[in-house]
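1. Would you be able to build a 3D model of this:
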Amino acid sequence: MDIKSTPLSEVYNILETGKAQNLSSLCKKSGKWGMYVSLGHQDGASKPGIGDYILAAPYLRHIENEPILVNGFGYFLFDHEDDMEHAFDITIGDSGPTKWNDYSGPASIYALTCNPEGVTLDENT
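-> Just a heads-up that it's a prediction; the model follows:
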């Protein structure tokens, strides 16, 4: 595929699909629960700062997660389903605050979860 002649929206969809497939493979090969995250922002909002992303996904405050803040996406693997579900529950997507995280600023973080068999589960929007 010639990326230069492909509409950006189509390229984005291909890239996102690839990342979801990577998550599935990671979970299946490791036998662990997983979550893929991608940093974004609310439509019409000012560009979020690092502090906004940390408020939208508090686990990003840990130094070992700094590459996600730099690269804009990343993967997490969990030994237990409850840990994965907690991380998912505190991640703020486009729909805004959750019962577990009341952040309502410009940052938005897409999250997709996966079980140890490689089956994708929940995604926030």
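2. quick one: what helix or strand has residue 76 in it?
-> Assessed by DSSP states H and E, residue 76 sits inside strand 73-78.
3. any chance you could map the strands in this protein?
-> 33-41, 73-78, 107-114, 120-123 (DSSP state E).
4. which helices and strands does the longest one pack with?
-> So that's strand 33-41. helix 8-30, helix 66-71, strand 73-78, helix 81-89, strand 107-114 (3 or more C-beta pairs under 8 Å, 6 or more residues apart in numbering; DSSP states H and E). Where C-beta positions appear, they are placed from N, C-alpha and C, glycine not excepted.
5. Try it again at 10 Å.
-> Judged by 3 or more C-beta pairs under 10 Å, 6 or more residues apart in numbering; DSSP states H and E, strand 33-41 is in contact with helix 8-30, helix 50-56, helix 66-71, strand 73-78, helix 81-89, strand 107-114, strand 120-123.
6. In a markdown table, list these along with mean neighbour count, mean pLDDT and distance to residue 101.
-> Listed next are the helices and strands packed on strand 33-41 as a markdown table, based on neighbours: other C-beta atoms under 10 Å; pLDDT from 0 to 100; distance: least, C-beta to C-beta, whole Å:
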| stretch | mean neighbour count | mean pLDDT | distance to residue 101 |
| --- | --- | --- | --- |
| helix 8-30 | 14 | 67 | 22 |
| helix 50-56 | 20 | 92 | 7 |
| helix 66-71 | 13 | 82 | 17 |
| strand 73-78 | 18 | 88 | 16 |
| helix 81-89 | 17 | 94 | 8 |
| strand 107-114 | 23 | 92 | 10 |
| strand 120-123 | 15 | 90 | 15 |
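7. Would you reformat those as JSON lines and include distance to residue 38?
-> Putting the helices and strands packed on strand 33-41 into JSON lines (distance: least, C-beta to C-beta, whole Å) gives the following:
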{"stretch": "helix 8-30", "distance to residue 38": "7"}
{"stretch": "helix 50-56", "distance to residue 38": "11"}
{"stretch": "helix 66-71", "distance to residue 38": "9"}
{"stretch": "strand 73-78", "distance to residue 38": "4"}
{"stretch": "helix 81-89", "distance to residue 38": "13"}
{"stretch": "strand 107-114", "distance to residue 38": "4"}
{"stretch": "strand 120-123", "distance to residue 38": "11"}
